[in-house]
Every structure is written in structure tokens, then in C-alpha cells.
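>>> Generate a structure from the sequence data that follows.
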Amino acid sequence: MMTTAPAVLSDDTRRDLLQTMVLIRTFEEAIRREYYADKLPAFDIGAGLVPGEMHLSAGQEPVAAGVCAHLTADDALTATHRPHHLAIAHGVALRPMTAEIFGRETGLGRGRGGHMHLFDPATHFSCSGIIAEGLAPALGQAFAFQKRGSDRIAVAVTGEGAANQGAFHESLNLAALWNLPVVFVVEDNDWGISVPRARSTAVPSNATRAAAYGIPGIRVEDNSVEAVHAAAGEAVERARAGGGPTLIEVHTLRLWGHFEGDAEGYRPELATVSAHDPIPAYRRQLTDAAVLTDEQFEAMQTAALEKVDDAIAFAKDSAAPDPLDRLSYVFAEGAHS
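Below is the predicted model:
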């Protein structure tokens, strides 16, 4: 297992990383507010403007910001059922993404997919509610990039629980065998729903599993966006140059529940979780280094809030799909074209 020391980043790059993290958090706080608006005081998962499950990524922003800083819209990114941070960092437009979360006709999938099934051809982004499902599609995209002789790459992000799925090992094996331009990223937030990783995984770090396939394995231990940026930078450069796949595991943090409405009674550390919030920590780091002023941070928050408010308003003002059009855009016998 390898470790990577963060490179010296420019002040602009460091502020950009924080700006991405602030935008993600601002978006998810707004989605959380709208999600609960009509579900309380007695929580009703089927009520409100956004019915159904909602998986938010607060605390995992360093993974998205650090990895996606090295990607272009021509690179492919597959994500998990907890996808918003990665979609935003990869440049998925907020308006259609938010409309999809609200189930509106102007959404990425015309309101048919919801927040766990976001597909954006413009940025080659996709995600799925099925555990480990995004790994194989990332291989397919990487295979296509390789055959075309381009320097485009694919990134497959999954959770530490998914690293015990057969698809994870099959994908690493095939990527290594064919020397595909793909980077695997495991978000280790300590919990597979309510099961601690120590009770589900035989090794302390999934990065050690890379050795079984003859590829580099890197563990980022402290949820540092700059450490993620460094590890991802090396892995992306290696993939683009034809050096094959890399496995990165980031020990990150889930500030909120597995899903909204999760009572989290299984988390003995819950009372101290907020003290490890990566955004205030990184803000302090940049402020102490004279890279960030309070005015600059406030400007980041204002810019993020304007974008998010616009996206929320767009979603609310958009029409819901016509029930008579229910069979459109689906594979079903007798479906409309």
C-alpha cells in the first residue's frame, strides 16, 4: 500500500477546492431543508415535494473536490447512491440535476430517475442505487477510451461496503489485466448503512487489496482535500499516460445519517462527529496560512447560495411529468417512443 504526500498547491487552487466543497454543502443543506419541509413532525418518507429515500454526502466533500479537480467533462465518472457531491464537483448543471431530484420533467432523466439515478451525457456522469453497480460501466468507458487512442479516463467511486462485492474484485481484475485507464476510489465512511467496517471487512484498508491485482493502492487517512488531490493527481496522470488503473481509498466522514430520517442509534461516536467537519477545518487551515480572508469565504458562501437558490426555484417551477406519459422513455412492452 502506498501513501502520497500532498504537493504544494497554488493559493488559487486551494481556494477553488474550498469553493467546491462550500457549493456542495450549500446544495445539500438546501435539499435537506426541502426534503423535510412536509415530512415533519412525524417523519413520513412518502410525503412532500421530494418523496422517498434521500442519501446526502455531508462530510465527504473532500473526496469529490480532490478527485474531480483533475478531471475534464470528457472524462467519465460513475458514482454511488450518495452522488450529489461527485456530480457537482464534476460539473453537472445544478438546474436539471435539482429538477431530477424533485421528479420534474426538466430533470436530467425527465423526473423518472430521482436522486440515486442521475445521468448526464454532457459530463459523462452516472450513478446508481445498486451497490457496486458503477464499477463495470466505468470499465466499459475506459475500454472505449483506450481503443480510440484518447487520453480520456474513467473514475469509478464506490463505498467501503461495496468493496466486498464480487463486482469490485471482478472490475479490478479486468482493469489490471487490460491495463485500462481507470481510477477506482473507495469512500470509507466507516459505516455500511449501520454495520461498522470492522464487522464486515477482513482487512483494515481496502487499498491493500490492490496488490492482489498488481496495481497501486493508496490510502488517504485524514479526509484531507489536499491529500486526496495529491493521490488523485498521480492516479489520473498515470491512467492518462497508459500506466493503467489505481485504487485509492479515502477515510472520509458521513456527518448525517445513511439516509434522511435515519435515527443513527448505532453510532456511538455521533456526539463528536460534527467536530470533524472538513469544511471548517479546511477554512481554518487556509486562514492560518494567509490564503483566505473572512471576506473571501463569505463571498464563496454568497456565490454558492445564489446558484443553489436558483436551482431550487427552477425545480419548483418546473412541471411534473404527465401521468399519461408514464410509459415514455422506459423499456416496456407497448411503451411509447
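
>>> Run through this structure and note the low-pLDDT ranges.
Judged against pLDDT under 70, the low-scoring parts of the chain cover residues 1-6, 331-337.

>>> So in it, which helix runs the longest?
As assigned by DSSP state H, the longest helix anywhere in the chain is helix 11-36.

>>> For that one, which residues meet the burial criterion?
Buried residues in helix 11-36, defined by neighbour count with 16 or more other Cβ atoms under 10 Å: 14-15, 17-28, 30-32, 34-36. In short, each C-beta sits where N, CA and C put it, glycine included.

>>> same deal with stretch 210-223?
Residues of stretch 210-223 classed as buried under the neighbour-count rule (16+ other Cβ under 10 Å) are 210, 213, 215-220, 223.

>>> measure D16 to L23 for me?
Between D16 and L23 the distance, using Cβ to Cβ, to the nearest Å, works out to 11 Å.

>>> Can you give me the first-to-last residue distance of stretch 88-99?
Distance between the boundary residues of stretch 88-99 (Cα to Cα, to the nearest Å) amounts to 14 Å.

>>> no wait, stretch 237-247
13 Å.

>>> Give me the contacts around that stretch.
Contacts with stretch 237-247, where a contact means Cβ atoms under 8 Å, 6 or more residues apart in numbering, come from 70, 142, 151, 153, 172, 175-176, 179-184, 186, 206-207, 209-210, 215-218, 234-235.

>>> try 6 Å
151, 153, 175, 179-184, 210, 215-217, 235 (Cβ atoms under 6 Å, 6 or more residues apart in numbering).

>>> Find the residue at the geometric middle of the chain.
Averaging the C-alpha coordinates of the chain gives a centre point, and the residue nearest to it by Cα atoms, centre = their mean is L86 (3.1 Å).

>>> phi, psi of F184?
F184 has phi and psi values of phi -100, psi 130 when expressed as degrees, to the nearest 10.

>>> Relative to G161, how far out is it?
Shown here: F184 relative to G161, a distance of 15 Å by Cβ to Cβ.

>>> Comparing these two, which residue is more hemmed in?
With other Cβ atoms under 10 Å as the criterion, F184 and G161 differ in neighbour count, and F184 comes out ahead with 30 against 22.

>>> mind listing what the more buried one touches?
Taking Cβ under 6 Å, 6+ apart as the test, what F184 contacts is 156, 247.

>>> who's it bridged to?
According to DSSP bridges, A156, L247 are recorded as the beta-bridge partners of F184.

>>> quick one: it from E34, how far?
33 Å.

>>> about what we covered before: tabulate the buried residues of stretch 210-223 (JSON lines), appending secondary structure and distance to K307.
Listed next are these as JSON lines, based on DSSP: H, G, I helix; E, B strand; the rest coil; distance: Cβ to Cβ, whole Å:
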{"residue": "A210", "secondary structure": "helix", "distance to K307": "37"}
{"residue": "Y213", "secondary structure": "helix", "distance to K307": "40"}
{"residue": "I215", "secondary structure": "coil", "distance to K307": "38"}
{"residue": "P216", "secondary structure": "coil", "distance to K307": "36"}
{"residue": "G217", "secondary structure": "strand", "distance to K307": "36"}
{"residue": "I218", "secondary structure": "strand", "distance to K307": "32"}
{"residue": "R219", "secondary structure": "strand", "distance to K307": "33"}
{"residue": "V220", "secondary structure": "strand", "distance to K307": "28"}
{"residue": "N223", "secondary structure": "coil", "distance to K307": "25"}
